[in-house]
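Engineer: below is the sequence, then the predicted model.
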2 protein chains.
Amino acid sequence: MDLVSPGRGDLPHRLGEAVVTMRDPSGRPIPDAAVLVQQTAHAFSFGNIGFDFIDHANGSGSPGDAELAELWLDLFNTATLPFYWGGFEPDPGRPDTRRLATTAHWFADRGVALKGHPLVWHTVQPPWLLNHDTDAIERLQRERIRREVGDFAGLIDTWDAINEVVIMPVFDKEDNGITRLARERGRIAMVRLAFEEALATNPTATLLINDFDLSSAYECLLEGLLEAGIPLSAIGLQTHMHQGYWGEDAMLAMVDRFARYGLPLHLTETSLVSGELMPSHIVDLNDYQVTSWPSTPEGEARQADELVRHYGSLVAHPSVEAITYWGITDRGAWLGAPIGLVRADGSRKPAYDALHSLVKGDWWVAPTSVRTDAAGRFRLRGFAGDYSVSVPGEADRSSALRLAVGASTADLML
Amino acid sequence: MDLVSPGRGDLPHRLGEAVVTMRDPSGRPIPDAAVLVQQTAHAFSFGNIGFDFIDHANGSGSPGDAELAELWLDLFNTATLPFYWGGFEPDPGRPDTRRLATTAHWFADRGVALKGHPLVWHTVQPPWLLNHDTDAIERLQRERIRREVGDFAGLIDTWDAINEVVIMPVFDKEDNGITRLARERGRIAMVRLAFEEALATNPTATLLINDFDLSSAYECLLEGLLEAGIPLSAIGLQTHMHQGYWGEDAMLAMVDRFARYGLPLHLTETSLVSGELMPSHIVDLNDYQVTSWPSTPEGEARQADELVRHYGSLVAHPSVEAITYWGITDRGAWLGAPIGLVRADGSRKPAYDALHSLVKGDWWVAPTSVRTDAAGRFRLRGFAGDYSVSVPGEADRSSALRLAVGASTADLML
């Protein structure tokens, strides 16, 4: 039986192997026929933020947006969209729903899954929230969750339900309603609030807790949440590495600490700079303000190397089911840092090509010709995801197949 | 009405004020009589470790022990005794119960309350525990809790039920059974285990959780424990300050973070050095090994000053109900550090006298003569605690009074 196989197949927990039988419309196997097999999508979530395409999707983009979008869409399959309350609803009662929905549709039309970020957070808060007492803040926060989750249900069904809870009640950089609420109610009550409202509105939503604090504090918080029966869908782990790549060993040791809770892990916010590193004494990355932070040739080579090691080691960990990179381009990047995979001028950095050669290379089944055997069968081995099988030269004769991890069989009509 | 008052009365939440009526054996008020009022004990727990008197209490002490004990007993009212499993039961089935019970009795006979430290911890573990699988380790740990709590019930009714849970499952300095257990079962399960067994054996025991990690991690852990309904009697906060006094502001900010859980706070392990400070880059204090760490005149002056500020600010905080200092003498002190209040040669450091002038001075009602009024009354204002009222010159005519915080009345028979 002919075998179709990806570029590199040494990640067994990511791979499916199906015996596929091709059949004609009457159900008879099609023996000894040439078919073209190709992967069309990854089940693994290779995500990135979609912030850069809001204007573009709403018809008010900048030159270069279309080309940037092409690069984005060729590499990523999941977009994180910004729902920071302060930015989303600067004037009470006037949320930015329409613009975000247009953006979400733009991505969805291109086969991209969506995630909203975040429903509850103490930063980027609307200042008008401070005019209310704690009970009112709680009510407004609950209403806002229901509104966003309801308005986007079916389009965005994955949410960072709550962000950075470890620091939430003790955050002292600026007064805000959510810290007040968290200090009064406690962390577990805050997470329960977020999950309660989101699930009441969209009972099958995928809901994450997300944090940059990956110390024992987050472990302790998670253990409390599990004790409290909060139905976490996955654990979100931020890894902004402006101060340098942590290395595979440190990263996997961290991942192992969180993997022991038996939940899927999402590396929700990943960044590696292609320029000078931020000094290690900076504790809150936001404190580092520079007028210029250029991408350099040496930095770009390092970034590409580290990105390959980072993705390689994480995709190899069975608990990881999503990696979201934090930006496609240096243009307007967070902190002005050269964390993009594309330079501000729109050209690809080595990191883009390096990641592409994994996601669409080593881990991908490129179009492959194969012949069915006497019983109409061939074997498909590849990363879990979507595949198409077609008759060469007859574009209308094609069929789709979803390959799951492990062994399976499939019958496809041509 | 005559007033008896302590040296300094500016800590209202520590003070009681009672109108005391003196009566004769037939119940009639004793008007216009001279009585002597004096405090005999503090309700506030001024603790210290009692480790240094185990040999002394068991008849195998060193020269100077009796004098050291006198100093100890004149300043402290609560002794922490060591129940480190590895030291307490080096050979399985042969616990050091008798020696510790003798020590506990020695203290109790001298009016000192006792605390056992700790029932569960991952450090100072018996190596033989590693011969068992996780289920057996759990069983042995449970049995050991029941044994100690049961054997000492009535003598030791306050325990550090579990120590340093934040780091417990990720502790990697040495392999030990408790870390294995904690990693498998989780932190909350470990605390539940400790409390379950201790309360099953001594249902009215005062049980603490105790930690040196006072970061958000401990907050998160505590929130999970409260969510889980673990009946914490008090929160234990370690403050070993070998690297320098944190200052009142930082200390009280920390105390406030934990006070918001509404539980009493015990400053369980307090130390301030009277010599050079440990370099600030040391993370685990145990890593600092020096051959000699002398107490110096400047260090002793600083220690005395800091001790007064430290106790003063903590006693002024309404949530704090105990402060335990970690050692009376530099002789054999932890890490060889000059944290004692008494030098290795047995002489008092300024810190001893400074603390004494608070505990037995500013915060104490020294013997005071007062006259009852026409209705046999006088007013007593002082720190909550025990008091005696006697007829001057007639030692057998005396009566005891327990003064609680707030206003009260009392009738005393003479």
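Structural biologist: Yes, it's here.
Engineer: element containing the residue in the stretch 151-300 of chain A that chain B sits nearest to?
Structural biologist: Chain B sits closest to A:Gly224 of the stretch 151-300 of chain A, with a gap of 2.3 Å, by C-beta to the nearest C-beta. In short, each C-beta sits where N, CA and C put it, glycine included. Secondary structure from DSSP states H and E places A:Gly224 in helix A:216-227.
Engineer: lowest-scoring secondary structure element of chain A by mean pLDDT?
Structural biologist: strand A:3-4 (a mean of 82; mean pLDDT, DSSP states H and E).
Engineer: show residues contacting that one.
Structural biologist: Here strand A:3-4 makes contact (C-beta atoms under 8 Å, 6 or more residues apart in numbering or on different chains) with A:37, A:365, A:368, A:370, A:378-382.
Engineer: re earlier: partner strands of whichever helix or strand comes after the helix holding A:Gly224, with direction?
Structural biologist: As assigned by DSSP H and E, the chain's next helix or strand after helix A:216-227 is strand A:234-241. Applying DSSP bridges to the sheet, strand A:234-241 is found paired with strand A:206-211 (parallel), strand A:265-272 (parallel).
Engineer: buried ones in strand A:234-241?
Structural biologist: A:234-241 (16 or more other C-beta atoms under 10 Å in any protein chain shown).
Engineer: got the contact list for the very next helix or strand once past that strand?
Structural biologist: The C-terminal neighbour of strand A:234-241 among helices and strands, as given by DSSP H and E, is helix A:248-259. For helix A:248-259, contacts defined as C-beta under 8 Å, 6+ apart pick out A:214, A:218-219, A:222, A:235, A:237, A:239, A:246, A:265, A:309-310, A:313-314, A:317-320, B:170.
Engineer: buried members of the residues you listed into PyMOL, please.
Structural biologist: Listed next is the PyMOL selection for buried residues among the contacts of helix A:248-259, using 16+ other C-beta under 10 Å:
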select buried, (chain A and resi 214+218+219+222+235+237+239+246+265+309+310+313+314+317+319+320) or (chain B and resi 170)
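Engineer: up against chain B, what does the stretch 151-300 of chain A have?
Structural biologist: Residues of the stretch 151-300 of chain A lying close to chain B (C-beta under 8 Å from any C-beta of the partner chain) are A:166-167, A:169-170, A:183, A:186-188, A:213, A:215-221, A:223-228, A:257, A:260.
Engineer: buried subset of those residues?
Structural biologist: The buried subset of those - by 16+ other C-beta under 10 Å - is A:166-167, A:169-170, A:183, A:186-188, A:213, A:215-221, A:223-228, A:257.
Engineer: quick check: closest non-adjacent residue to the residue of the stretch 151-300 of chain A closest to chain B.
Structural biologist: Spatial nearest neighbour of A:Gly224, excluding adjacent residues (C-beta to C-beta, 6 or more residues apart in numbering or on different chains): B:Gly224 at 2.3 Å.
Engineer: tell me the contacts of the one you found?
Structural biologist: A:188, A:220-221, A:223-225, A:227-228, B:187-188.
Engineer: need the residues you listed in TSV (columns: pLDDT and distance to A:Ala113).
Structural biologist: As requested, the contacts of B:Gly224 are arranged in TSV below (pLDDT from 0 to 100; distance: C-beta to C-beta, whole Å):
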residue	pLDDT	distance to A:Ala113
A:Ile188	98	29
A:Cys220	98	31
A:Leu221	98	27
A:Glu223	98	30
A:Gly224	97	30
A:Leu225	98	25
A:Glu227	96	31
A:Ala228	97	29
B:Arg187	98	34
B:Ile188	98	34
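Engineer: for the following helix or strand past the least confident helix or strand of chain A, packing partners?
Structural biologist: Of the helices and strands lying after strand A:3-4 in sequence (DSSP H and E), the nearest is strand A:15-23. Under the contact definition 3 or more C-beta pairs under 8 Å, 6 or more residues apart in numbering or on different chains; DSSP states H and E, strand A:15-23 sits against strand A:377-383, strand A:394-403, strand A:406-413.
Engineer: tell me which of these lies nearest to chain B.
Structural biologist: strand A:406-413 (27.6 Å).
Engineer: the closest one vs strand A:394-403, what angle?
Structural biologist: Relative orientation of strand A:406-413 and strand A:394-403, computed by axes from the mean of the first three to the mean of the last three C-alpha atoms, to 10 degrees: 150 degrees.
Engineer: list the buried ones in strand A:406-413?
Structural biologist: Of the residues in strand A:406-413, those buried (16+ other C-beta under 10 Å) are A:410, A:412.
Engineer: what angle do that strand and strand A:377-383 make?
Structural biologist: 130 degrees.
Engineer: mind listing what strand A:406-413 pairs with, with the direction of each?
Structural biologist: strand A:15-23 (parallel).
Engineer: low-scoring stretches of the stretch 51-200 of chain A, by residue?
Structural biologist: Across the stretch 51-200 of chain A, nothing is flagged by pLDDT under 70.
Engineer: show me what the residue lying closest to A:His266 once chain neighbours are set aside bridges to in the sheet.
Structural biologist: Leaving aside its chain neighbours, A:His266 sits nearest to A:Ala322 (4.1 Å; criterion: C-beta to C-beta, 6+ apart). Judged by DSSP bridges, the bridge partners of A:Ala322 are A:Ser45, A:His266.
Engineer: what number of residues lie near A:Ala322?
Structural biologist: Burial of A:Ala322, expressed as a neighbour count using other C-beta atoms under 10 Å in any protein chain shown, amounts to 23.
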